[in-house]
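# please find the sequence and the predicted model below.
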Amino acid sequence: MLSFPRFLRNQKSQSQIQRRALGAVVTIAVLFLVNNAFAAESSQSDAKVAIAIHGGAGTILKSSMTPEKEAAYKDKLREAVTHGYSLLKSGAKGEDAVVETIKILELSPLFNAGIGAVYTYEGEHELDASIMHGGSKNAGAVAGIKTIKSPIEAARLVMNDSPHVMLSGKGAEAFAIESGLEQVDNHIFDTEFRKQALDKAKARMAQASAGYGTQQGNERFGTVGAVVLDSEGNIVAGTSTGGMTAKRYGRIGDSPVIGAGTYADNDSCAVSATGHGEFFIRYNVAADICARMKYQGLSLSDAANVVVNDVLVEAKGDGGVIAIDNKGNIAMPFNSKGMYRASIDTAGKVTVAIYQD
């Protein structure tokens, strides 16, 4: 039989062994968590990400652009694309990078979206936007809204918090109010440049009605958009616009139409379009590019080029697209004189351009 002191010593020894074992387990667990966190952070920083943006296409000529104005456009494009890329590199989800990038363009009077949106025939602004996630195939869009500060934020809200895909007019505004989105007076979107464009368009329309000239000018162009590949391998597309100068009767273009102005599919590509919306709707442009990749096996560049420079040109539809595939390849074809555009590829190369190369 053990003596009482010896029993106590044995108990103490067992207790020390247990504490040491427990300490070793805790140390191993901490090291495991730290290593996993480091691996996740390293994997995230090494993940391939890329982004492309546009600020509209049309008759954009170097001969009619002052050096100061050209610099202003390029600076804003660079600011937006760099901001979106930094979000992607930090691990932001693709839909958040798209929204935050487009918001920069919506707040700039240089582009036909948000502040700087064109006027309707009645002298107001009716805004459209859409967004689509290539992994979930979830999408959201708003059309004909007048009082929501950021249309692309409203589109994301519809995508994430609504059972619907597209909301329009007062219904979309009511949904935005219930969800806490910032509301503004429609006149916040006013700019003198766009008012002058409206006056010119209405004068031209009056001449056309009297049998002189044509109703159509370059006012049908203008949109902003972004497409991204995020660190999780998802591709996302978003588009926002003020539509066509002097539009009437609640006209809606391609920008909020999923498949026409915006489309994303992780199995192929993500596309945001800009141009004469009626043609982009009729020819289902954004989805057609993705379908040609998915079912015909075309590269991103070939699929986008065929649709923009063959299909649309034959139909006499002007404009362009930005597109990105699931490997981060980027295509930005257009058949007009120019397209405001910028991109940062998976290697970090920055491109900012306006005119035909």
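Perfect, I can see it now.
# could you say which helix or strand holds residue 346?
Using DSSP states H and E, residue 346 sits within no helix or strand.
# these two touch, right, it and residue 328?
Yes. The pair residue 346 / residue 328 is scored as a contact, 3.9 Å apart, by C-beta atoms under 8 Å. For glycine as for every other residue, the C-beta is placed from the backbone atoms N, C-alpha and C.
# overlap of the contact sets of those two?
Residues touching both residue 346 and residue 328 (C-beta atoms under 8 Å, 6 or more residues apart in numbering): 48-50, 229.
# in stretch 269-279, which residues are buried?
269-277, 279 (16 or more other C-beta atoms under 10 Å).
# picking up where we left off before, of residue 346 and residue 328, who's got more company?
Shown here are residue 346 and residue 328; by other C-beta atoms under 10 Å, residue 328 has more neighbours (19 against 15).
# that one belongs to a helix?
No. Per DSSP: H, G, I helix; E, B strand; the rest coil, residue 328 lies outside any helix segment and is coil.
# quick check: phi and psi at it.
Phi and psi for residue 328, reported as degrees, to the nearest 10, are phi 90, psi 10.
# and if you look at residue 48?
Dihedral angles (degrees, to the nearest 10) for residue 48: phi -80, psi 130.
# do you know how far it is from residue 239?
24 Å (C-beta to C-beta, to the nearest Å).
# so for these two, which residue has more residues nearby?
Between residue 48 and residue 239, counted using other C-beta under 10 Å, residue 239 has the larger neighbour count: 38 against 15.
# what helices or strands is the strand ranked longest in the chain leaning on?
Counting by DSSP state E, the longest strand found in the chain is strand 50-58. Applying 3 or more C-beta pairs under 8 Å, 6 or more residues apart in numbering; DSSP states H and E, one finds that strand 50-58 contacts helix 67-89, helix 94-106, strand 224-229, strand 269-275, strand 319-325, strand 338-344.
# same list (these) but as CSV, adding mean pLDDT and distance to residue 254.
Shown next, in CSV, are those (pLDDT from 0 to 100; distance: least, C-beta to C-beta, whole Å):
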stretch, mean pLDDT, distance to residue 254
helix 67-89, 97, 21
helix 94-106, 98, 16
strand 224-229, 98, 11
strand 269-275, 97, 6
strand 319-325, 98, 9
strand 338-344, 97, 15
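# among these, which is nearest residue 195?
helix 67-89 (17.9 Å; C-beta to C-beta).
# which strands and helices sit next to that closest one?
Going by 3+ C-beta pairs under 8 Å, 6+ apart, helix 67-89 lies up against strand 50-58, helix 94-106, strand 224-229, strand 338-344, strand 350-355.
# what separation do you get for residue 138 and residue 331?
24 Å.
# compare the two (neighbour count), which wins?
Set residue 138 next to residue 331 and count neighbours by other C-beta under 10 Å: residue 331 wins out with 24 against 15.
# now that one: closest residue in space that isn't a chain neighbour?
Spatially, and ignoring its direct neighbours in sequence, residue 331 is nearest to residue 304 (4.2 Å; C-beta to C-beta, 6 or more residues apart in numbering).
# how about residue 259?
residue 287 (3.9 Å).
# same check on residue 189?
Counting by C-beta to C-beta, 6+ apart, the residue nearest residue 189 is residue 125, at 4.2 Å.
# can I assume that neighbour is in contact with residue 117?
Yes. The criterion here is C-beta under 8 Å, and residue 125 meets it with residue 117 at 4.6 Å.
# mutual contacts of the two, please.
Shared contacts of residue 125 and residue 117, counting by C-beta under 8 Å, 6+ apart, come down to 189, 242.
# which of the two has more neighbours?
Counting neighbours by other C-beta under 10 Å for residue 125 and for residue 117 shows that residue 117 has the greater number, 28 against 24.
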